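# everything below, folded, please.
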Amino acid sequence: MPRQSFVIVFAACLFAVPVAAQTFGPPGQGAEQQALAAGPQPTDYEILGLTVKGVSDESMRSFVRQASGLSEGRTVTLPGDQAIARAIRKVYELGMFEDVEIVRERTVGDGVFLAIRVEGVPKLAEYSFTGIDEDEQEELRRKVPLVQRSPLREGEVARAKQAIRSYYRKEGFLRTSVKARRTKADNNTVALKFIVDRGQKAEVESINIAGNQQVSDDDLKDAMEKTREDRWWRFWKGEDFNPDGYEKDKQKVVNYYRNHGYYDAYLKTDSVQFVREGDDTDVVVDLKVHEGPKYHVRNVEWRGNTVIPDEQLTQALDLETGEVYDASKLKTNLQGNRQGTDVRGLYMDRGYMKFNVQKNVQMAPGDSLDLVFDVREGETYEFGDITIAGNTKTKEHVIRRELYTVPGQRFSRSAIQESIRRLSQLKYFTQESLTKGPGVQVDEEDQEVDLTYDVVEKSSDQLELSGTWAGQDYGLVLQLRFNFTNFSMQDLFEPDAWTPLPAGDGQDLSVSVQTSGSRYQRYSLSFKEPWFRGRPTPVGFSISYFRSNGGASRRVTTTDTTTVDRYLAKAGGRVFYNRRLDWPDDKFMLSTGFNYQRYNNNNYTSTLPFGVSQELALQLGLSRNSLDDPQFPGSGSKVDLSLDIAPPIGNLIQYHKWGLDTDWHVPLLNRVSLSFGAQYGYIGSLTGENVQFQRYLVGGSPFQQSYGTRFDQFGKDIMYMRGYPYRAIGPRLNGQPVGGRILNKYTSELSWLAVQSKRITAQPYLFLDAANTWNSFETFQPRQLYRSSGVGARVLVPMIGMVELAYGYNFDRFTPVARDQTGERDWTFQFTLGRGFD
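From the prediction side, this is the model:
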């Protein structure tokens, strides 16, 4: 009996093997069905029917049957046929189902009816986060690779969790845990919730450096930008450990050595240790460096160059014999520097687009290096098709006339760079679309380079509608001002072009109205055509009118008891014609203009001559502009030299006025620049008589002026200055500011372009200003300047324009102008539209 029982058990185990082989499901899924086990012996069957269960769509059922490889009429062996296993695997690999199995429904003689049972992958109904704030949730939604209503597989969930951990890892949270919780919803969908625990940030407790004999620890630590030791005095910012930044900082340490002559330097070992103190986690970084000797350049050799001589290439490299080896300087002057004087630039500006150079560093006796450069010049290329794309408002000819990349001309890198700078000066396109440069496509057969300038339009027009309460004398002053910088006078009579105004030809149109009724009125209109008759010769005109009736007390009684109106009026106009020069270079502009002004001081103020005064001045100017951006320059310069001559014709006002305005910008870091500016001015007399109208007034901002003092602008140059009230600096007459005839003004800024987008651009800065104005050379003391310093910001908002805020401290006392001023050292907040303090 026991032997018989053993045989039965053994036979059952033996026949169970093929049964299990016929009932497996997809990877990771258990096989519960054993319907394909017909008996202990494999038997051949003809498939009489093959159905698909688990999907309702007939086309999907047909698709599953086709993917399985099984069909009616085919013979299979049950159990044990590998065709069944392959069919299950093929259906599962479609990626549409999370469970697949094939079962035998019934057997008819030598035939069998099979069913493919599938369970679809659930779709993602929604996903959410817990444990983090809303801002982080919005950021993670851009990082997590999940799409609602799409199939949700385990792989997608795993990748989403990894994306969350990677995001927080970069933010300094090294121990972030992420759990995913599924909740079933209707129609085979699931809701997914990520439970996020960021943990604590790990701060850098210390950085220990070993092996450095010639370079100090502080210099090496300063070379690391993202990995810095936590210090108590830096209370506003914890030095969190960033793994990605640490990997880059290790290379920066090596680069520091190689930029200071240590060509053999490398990082021998490094380690990061986590130290836990309660709930806090700190990081200790250990670095061990190998310095090696300090090398100098012995020889520089060029091989393969036929177009440019060795001497010129070595001069562009700017490495002299005996100089300490500097890897960064070598790379910059070889491949590309800001000035465009690098070796690659010399060749590319001659059409050698495929120029290549291989650097070889060879050891020489006495800790010296020989630099050998193998040059491959290649063939010259020309510009081919130049395509403009993305200009939805600006007409194509307005863009093309600014381009220096002309079809048929020799390829030039500097021509592309200058074209980008010229387009930036227009202020019609986003800086991001310009700085990326044009798209390049090379035709090797014709040796041509096709360019595509893909621009993104931005709003450069300005509209201002405002009201200001100007006190009891003037009441409510309303202002309407609009400035269209891309106007089209040619389309003025085209009905389809009014959207809302004709635009696209690059013309400037500005209109301003400011009034409080009969008490105060100011009107102005200006127009400029930047390309007159198809050439870069800007022409234009401006007209203006101003009248103030003196507020509430606009009538006075004279000595003979006659009552007369008390008002001040000014009317004038200007026409100008500018011309771009070709020499010394095409960044020079020569300007010519005529300016007419008519003043009428009808018993308004004793600081100006009573009655009507007129002037007609010839205005000449020479300027050079190489700024990379007209509103937020980071490099380049702008220099303006001007001369105004008002001849003594009849009773016209006479004077001559000289001006020099310079502005220099030097890039320091990415989006960080240092600027210096200087303004000099002198107003003299052609006849020796006193010049009463022309003066320099220094101090304040436009919004610090009251409407009762607007007459101070008659014939005056207003030099706004941060940190001081309006008109605070300069000569006085009977205690009232009258301005000076000699001007010295200096400005310096350290600025950072913090935000640059289509919606808003913001540039905070630190400033240091100094200025003064004097009445004559007898009182001129160029070292006697009023100084100020502080912080500020420029913000460019579409339709509003440039808004500038400044908070400055005056280092020097001044004589108060108004009753609410003390003249002592103090902080002053100032506000203006445009770059009002330049």
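# ok, residue 627 - contacts?
Remark: with contacts taken as CB atoms under 8 Å, 6 or more residues apart in numbering, residue 627 is in contact with 425, 633, 635, 636, 637, 638, 663, 665. C-beta coordinates here come from the backbone N, C-alpha and C atoms, glycine included.
# and residue 280, how many neighbours?
Neighbourhood size, residue 280 [other CB atoms under 10 Å]: 12.
# tell me the pLDDT of it.
On pLDDT, residue 280 comes in at 72.
# can you check residue 759 too?
With respect to pLDDT, residue 759 scores 79.
# which residues touch the closest residue to it other than its chain neighbours?
Among residues not flanking residue 759 along the chain, residue 798 sits closest, at 7.1 Å (CB to CB, 6 or more residues apart in numbering). Contacts for residue 798 (CB under 8 Å, 6+ apart) come out as 458, 459, 759.
# quick one on the thing from earlier: out of the contacts of residue 627, which are inside helices?
Mapping those onto helices (DSSP state H) picks out residue 425.
# mind checking which of the contacts of residue 627 are buried?
The neighbour-count test (16 or more other CB atoms under 10 Å) marks 425, 633, 635, 636, 637, 638, 663, 665 as buried among these.
# tell me the secondary structure of the nearest residue to the second one once chain neighbours are set aside, please.
What it means is residue 633. The shortest distance from residue 633 to any non-neighbouring residue, by CB to CB, 6+ apart, is to residue 627 (4.1 Å). Under DSSP: H, G, I helix; E, B strand; the rest coil, the three-state class of residue 627 is coil.
# relative to residue 635, how far out is residue 627?
Separation of residue 627 from residue 635 (CB to CB, to the nearest Å): 8 Å.
# what of residue 462?
Separation of residue 462 from residue 635 (CB to CB) stands at 26 Å.
# give me phi/psi at residue 91?
phi -70, psi -40 (degrees, to the nearest 10).
# now do the same contact list for it.
Counting by CB under 8 Å, 6+ apart, residue 91 has contacts 64, 67, 68, 97, 100, 116, 118.
# go again using 6 Å as the cut-off
64, 67, 68, 100 (CB atoms under 6 Å, 6 or more residues apart in numbering).
# okay, and which of those residues map to strands?
Judged by DSSP state E, the subset of the contacts of residue 91 located in strands is residue 100.
# go through the contacts of residue 91 and flag which are in helices.
Those of those mapping onto helices are 64, 67, 68, per DSSP H.
# averaged pLDDT, stretch 811-820. What do you get?
Mean pLDDT, stretch 811-820: 90.
# got the buried residues for stretch 405-424?
405, 411-413, 415-424.
# show me the two of those residues that sit farthest apart.
Greatest spatial distance among the buried residues of stretch 405-424 (CB to CB): 411 and 424, at 21.4 Å.
# setting aside sequence neighbours, what's the nearest residue to residue 125?
Once flanking residues are discounted, residue 125 sits nearest to residue 189: 4.0 Å by CB to CB, 6+ apart.
# quick one, what contacts the one you found?
Residue 189 sits next to 122, 123, 125 when contact means CB under 6 Å, 6+ apart.
# for residue 417, helix, strand, or coil?
helix.
# residue 378 versus the closest residue to it other than its chain neighbours, what's the distance?
Setting aside the residues directly before and after it, residue 417 is nearest to residue 340 in space (CB to CB, 6+ apart), at 6.7 Å. Note on residue 340: its distance to residue 378, by CB to CB, is 20 Å.
# could you pull out the helices for this protein?
Under the criterion DSSP H, the chain carries helices at the ranges 2-21, 58-68, 82-92, 134-143, 154-170, 217-223, 243-258, 310-317, 327-335, 343-348, 396-400, 413-426, 431-435, 471-474.
# how about those in CSV, adding distance to residue 741 and mean pLDDT?
Below are these laid out as CSV (distance: least, CB to CB, whole Å; pLDDT from 0 to 100):
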stretch, distance to residue 741, mean pLDDT
helix 2-21, 106, 34
helix 58-68, 90, 90
helix 82-92, 91, 91
helix 134-143, 57, 88
helix 154-170, 60, 88
helix 217-223, 50, 94
helix 243-258, 54, 93
helix 310-317, 47, 94
helix 327-335, 47, 94
helix 343-348, 47, 96
helix 396-400, 42, 97
helix 413-426, 34, 95
helix 431-435, 41, 90
helix 471-474, 31, 68
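# can you tell me which of those is nearest to residue 828?
Nearest to residue 828 among these is helix 471-474 (21.2 Å), distances taken as CB to CB.
# residue 677: which of the contacts of residue 627 is nearest?
Within the contacts of residue 627, the smallest distance to residue 677 is 4.6 Å, found for residue 663 (CB to CB).
# I'd say the closest one and residue 679 touch.
No. With contacts defined as CB atoms under 6 Å, residue 663 does not count as touching residue 679, sitting 9.2 Å away.
# could you tell me which residues touch both of the two?
Applying CB under 6 Å, 6+ apart, one finds that no residue jointly contacts residue 663 and residue 679.
# so what's residue 399 closest to, chain neighbours aside?
Residue 399's closest residue in space is residue 388 (CB to CB, 6+ apart), at 5.2 Å.
# who's in contact with the one you found?
Each residue near residue 388 by CB under 6 Å, 6+ apart is listed here: 396, 399, 453.
# buried ones among these?
Buried among the contacts of residue 388 by 16+ other CB under 10 Å: 399, 453.
# now the contacts of residue 91 in TSV, with neighbour count and distance to residue 691?
Conversion of those to TSV gives the following (neighbours: other CB atoms under 10 Å; distance: CB to CB, whole Å):
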residue	neighbour count	distance to residue 691
64	23	97
67	16	95
68	23	100
100	25	98
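# could you dump the contacts of residue 91 to JSON lines with distance to residue 726?
Shown next, in JSON lines, are these (distance: CB to CB, whole Å):
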{"residue": "64", "distance to residue 726": "82"}
{"residue": "67", "distance to residue 726": "82"}
{"residue": "68", "distance to residue 726": "87"}
{"residue": "100", "distance to residue 726": "82"}
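# rewinding a little: my guess is the residue nearest to residue 417 meets residue 415, correct?
No. Counting by CB under 6 Å, residue 340 does not reach residue 415; the two are 10.8 Å apart.
# if we can go back for a sec, any chance of JSON lines for the buried residues of stretch 405-424, columns distance to residue 247?
Listed next are the buried residues of stretch 405-424 as JSON lines, based on distance: CB to CB, whole Å:
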{"residue": "405", "distance to residue 247": "39"}
{"residue": "411", "distance to residue 247": "38"}
{"residue": "412", "distance to residue 247": "38"}
{"residue": "413", "distance to residue 247": "32"}
{"residue": "415", "distance to residue 247": "39"}
{"residue": "416", "distance to residue 247": "34"}
{"residue": "417", "distance to residue 247": "33"}
{"residue": "418", "distance to residue 247": "38"}
{"residue": "419", "distance to residue 247": "38"}
{"residue": "420", "distance to residue 247": "33"}
{"residue": "421", "distance to residue 247": "36"}
{"residue": "422", "distance to residue 247": "40"}
{"residue": "423", "distance to residue 247": "38"}
{"residue": "424", "distance to residue 247": "35"}
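# rewinding a little: can you lay out the contacts of residue 627 as TSV showing distance to residue 54?
Listed next are the contacts of residue 627 as TSV, based on distance: CB to CB, whole Å:
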residue	distance to residue 54
425	66
633	67
635	66
636	69
637	74
638	74
663	74
665	69
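# narrow the contacts of residue 627 to those in strands?
Within these, residues falling in strands by DSSP E are 636, 637, 638, 663, 665.
# and residue 727, what does it touch?
By CB under 6 Å, 6+ apart, the contact set of residue 727 is 697, 699, 737, 817.
# find the residue closest to it in space, skipping its chain neighbours.
residue 737 (4.0 Å).
# per-domain residue ranges of this structure.
2-120, 123-197, 202-290, 296-376, 382-454 (automatic domain parsing).
# what would those domains look like in JSON lines with distance to residue 733?
What follows is the domains of the chain, written out as JSON lines (distance: least, CB to CB, whole Å):
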{"stretch": "domain 2-120", "distance to residue 733": "89"}
{"stretch": "domain 123-197", "distance to residue 733": "58"}
{"stretch": "domain 202-290", "distance to residue 733": "49"}
{"stretch": "domain 296-376", "distance to residue 733": "49"}
{"stretch": "domain 382-454", "distance to residue 733": "42"}
